[in-house]
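generate a structure from the sequence data that follows.
(one chain, ligands or ions: 1)
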Amino acid sequence: MKMIIVISQNPADARVLEDLLRIYFPGIIVKHQYGKLCNNNLSCPDEIMAWLEIAEMNRKSVKVVLEYKGEKYEHLENLPGGLEFEDEYNQKRRLLRLAVHKVIQQISTQEDMIEQVSPWGILTGVRPTKIVHRLVEQGLSENRIISHFHKDYGLTLEKAKLLTRVALIQRPYLLTSQQAKKIISIYIGIPFCPTRCHYCSFPAFSLKKWGHLLTPYLTALNRELRAVAEFLRTAGIIVQTVYLGGGTPTILTADQLEELLSVLEENFTFTENKEITIEGGRPDTLSYDKIKVMYKHKVNRLSINPQTMHEETLAAIGRKHSVEDVKEMYSLARKVGIPYINMDLIIGLPGENKQIVAHTLGEILELRPENITLHALAIKRTSRYGQEHVELPAVKEGQAMMELAHSTLQAGGYTPYYLYRQKQISAHGENVGYCLGDSYCLYNIQMIEEHQTILGFGVGAGSKFVKNEDWTLENIYNPKDVQLYLERIENIINRKVDKLKAII
Ligand code: SF4
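Take a look at the predicted model:
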């Protein structure tokens with residue numbers, strides 16, 4: 001295993017830099033040392049890939065020296081004025097990360113182990129929009145926020161503008177502290193799929209192998225929904241948005257879907273403009289009867305996810321449907337009258353390039369769904385691609401495809417309205433939800449911004465309990481295994497109700 005040794009007076013520095021260094025040196029181990037123990041007299045172990053010395057660090061500046069393949073690179077980062085809104089602790093960490101980002105920039109394009117420099121600079125977190133919200137609350141203007149991200153976080157101007165724009169669009173939809181006490185959202189997981197896509201890391205049990213568990217699963221899920229709904233009713237808590245994800249909820253038969261949606265309708269109290277989204281990710285699981293059931297129960301959003309409109313890629317990534325299936329189900333959903341349709345695309349799939357992405361975008365824009373979500377491919381360990389070697393597009397090509405997708409959608413009249421990033425994301429990309437007009441999916445905003453309690457029901461579903469006084473969060477998760485979920489259902493319900501009691 002290769003290592004980078006961080007030499008500094010403070011062991012915490014290595015932790016501050018770990019995720020940043022891993023962007024450029026994937027899989028690297030980051031260790032701290034007080035000084036360089038091996039020098040010309042002692043031979044350094046082969047596993048040491050680089051030395052990173054924090055040569056000077058004070059309130060106003062940081063100097064770093066990176067020794068890599070026998071060459072030394074150094075950078076001195078000085079703190080500019082006008083940053084009084086930052087607290088001292090965070091400012092020091094940010095300055096250190098920025099200095100390291102800039103020293104890596106000096107070698108990033110030349111070396112085999114180092115990826116192209118990230119347009120996201122030193123931001124490595126999943127929810128960067130949260131920083132914008134904080135800065136707005138501190139009174140910074142839009143232009144000041146953009147320049148802060150660009151200069152002080154190392155973001156490209158394009159990413160700084162995108163991030164700020166998205167967060168500002170969301171602000172009217174974030175709940176106030178008073179509202180957050182009484183208005184929640186719900187996630188329901190159906191963890192079964194017809195087959196498993198090669199990039200998938202979600203709970204998605206193959207129906208062929210695990211289909212016998214579906215009926216007991218639905219019984220337990222309905223029990224969980226009913227029991228928690230009973231508590232919510234007594235506490236006067238209402239539901240703003242519901243998201244049925246998975247897996248693929250549309251593997252349910254029309255009758256099973258009817259029952260699940262009826263349980264929701266009969267047991268929960270909703271806000272006036274309730275939003276219900278169903279992930280119909282795989283068009284091969286949709287049918288006229290199922291879409292009719294959705295329409296009857298006022299499901300107003302359906303996701304039909306092609307990921308790509310390139311037939312060869314669909315086959316290569318393990319999707320068992322064709323481009324034609326996508327178009328057919330899309331027009332069926334339109335005919336039945338589902339008001340908002342989302343289509344997910346993945347940028348950076350194996351074998352894809354700019355031409356293929358341009359083709360996919362052209363096909364999707366012709367359909368003109370209300371929402372289009374761009375995902376940069378992220379390979380997690382639990383996916384098939386995480387276990388086997390797969391040839392991915394080069395970082396430069398990945399970035400070019402993502403830029404093309406953003407510019408094409410924006411030129412096509414779509415507005416970016418939610419954004420998040422993931423670990424192991426390819427080509428330093430991002431996931432961005434686009435919409436036409438104001439057809440935002442509220443669930444997506446609430447989920448990413450964490451200004452609302454979201455209760456997760458079913459296998460693997462996470463619940464976020466938001467304390468409205470200070471917006472702190474507590475996450476709990478249901479078991480990822482169906483059998484365990486069935487066995488522990490009463491405990492799962494009690495735990496959820498106890499957590500709710502603690503926050504209201
Ligand atoms: S459809 Fe979605 S949940 Fe199912 S296997 Fe594919 S990526 Fe995973």
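
and the helices in the stretch 401-504 of the chain?
For the stretch 401-504 of the chain, the helices defined by DSSP state H, counting those that start in this stretch occupy 442-449, 482-487, 489-503.

now the stretch 251-400 of the chain
For the stretch 251-400 of the chain, the helices defined by DSSP H, counting those that start in this stretch cover 254-267, 288-296, 311-316, 323-336, 354-367, 384-387, 395-411.

which parts of stretch 478-497 are buried?
Within stretch 478-497, the residues scored as buried using 16 or more other C-beta atoms under 10 Å are 478-479, 482, 485-486, 488-489, 492-493, 496-497. The C-beta positions use only the backbone N, C-alpha and C, and glycine is treated the same way.

closest one to the ligand among the helices of the stretch 401-504 of the chain?
Shortest distance between the ligand and those, using C-beta to the nearest ligand atom, is found for helix 482-487: 14.5 Å.

which strands or helices does that closest one pack on?
Under the contact definition 3 or more C-beta pairs under 8 Å, 6 or more residues apart in numbering; DSSP states H and E, helix 482-487 sits against helix 214-235.

of the helices of the stretch 251-400 of the chain, which is nearest the ligand?
So among these, helix 384-387 is nearest, using C-beta to the nearest ligand atom, at 9.8 Å.

kindly export that closest one (C-alpha atoms) in PDB.
The C-alpha trace of helix 384-387 is given here as PDB (Å, rounded to 0.1, in the frame of the first residue of the first chain):
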ATOM      1  CA  ARG A 384     -19.800  -5.000  -9.500                       C
ATOM      2  CA  TYR A 385     -17.600  -2.300 -11.000                       C
ATOM      3  CA  GLY A 386     -16.100  -1.800  -7.500                       C
ATOM      4  CA  GLN A 387     -15.000  -5.500  -7.400                       C
END
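
show me what from the stretch 151-300 of the chain comes close to the ligand.
Counting by C-beta under 6 Å from any ligand atom, the residues of the stretch 151-300 of the chain lying close to the ligand are 193, 196-197, 200, 202, 204, 246-248, 281-282.

make TSV out of those and add neighbour count and pLDDT.
Below are these laid out as TSV (neighbours: other C-beta atoms under 10 Å; pLDDT from 0 to 100):
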residue	neighbour count	pLDDT
193	23	93
196	15	90
197	21	92
200	20	92
202	19	85
204	23	88
246	26	88
247	24	91
248	25	95
281	28	86
282	26	91
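
need those in CSV (columns: secondary structure and distance to residue 416).
Formatted as CSV, those follow (DSSP: H, G, I helix; E, B strand; the rest coil; distance: C-beta to C-beta, whole Å):
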residue, secondary structure, distance to residue 416
193, strand, 28
196, coil, 30
197, coil, 25
200, coil, 25
202, coil, 24
204, coil, 28
246, strand, 25
247, coil, 27
248, coil, 26
281, coil, 21
282, coil, 26
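
low-scoring stretches of this protein, by residue?
Along the chain, segments meeting pLDDT under 70 span 38-43, 109-115.

follow-up on the earlier one: would you format the helices of the stretch 401-504 of the chain as JSON lines with distance to the ligand included?
Formatted as JSON lines, the helices of the stretch 401-504 of the chain follow (distance: least, C-beta to the nearest ligand atom, whole Å):
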{"stretch": "helix 442-449", "distance to the ligand": "16"}
{"stretch": "helix 482-487", "distance to the ligand": "14"}
{"stretch": "helix 489-503", "distance to the ligand": "21"}
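
in stretch 121-128, what's buried?
For stretch 121-128, the neighbour count (16+ other C-beta under 10 Å) marks 121-124, 128 as buried.

OK, contacts around residue 190?
The neighbours of residue 190, taking C-beta atoms under 8 Å, 6 or more residues apart in numbering as the test, are 244-249, 251-252, 458.

look up phi and psi at the residue lying closest to residue 326 once chain neighbours are set aside.
In space, and not counting its chain neighbours, residue 326 is closest to residue 306: 4.4 Å by C-beta to C-beta, 6 or more residues apart in numbering. Phi and psi for residue 306, reported as degrees, to the nearest 10, are phi -80, psi -30.

who does the closest residue to residue 431 other than its chain neighbours bridge with?
Leaving out its chain neighbours, the residue that sits closest to residue 431 by C-beta to C-beta, 6+ apart is residue 375, at 4.7 Å. Beta-bridge pairing for residue 375 (DSSP bridges): residue 346.
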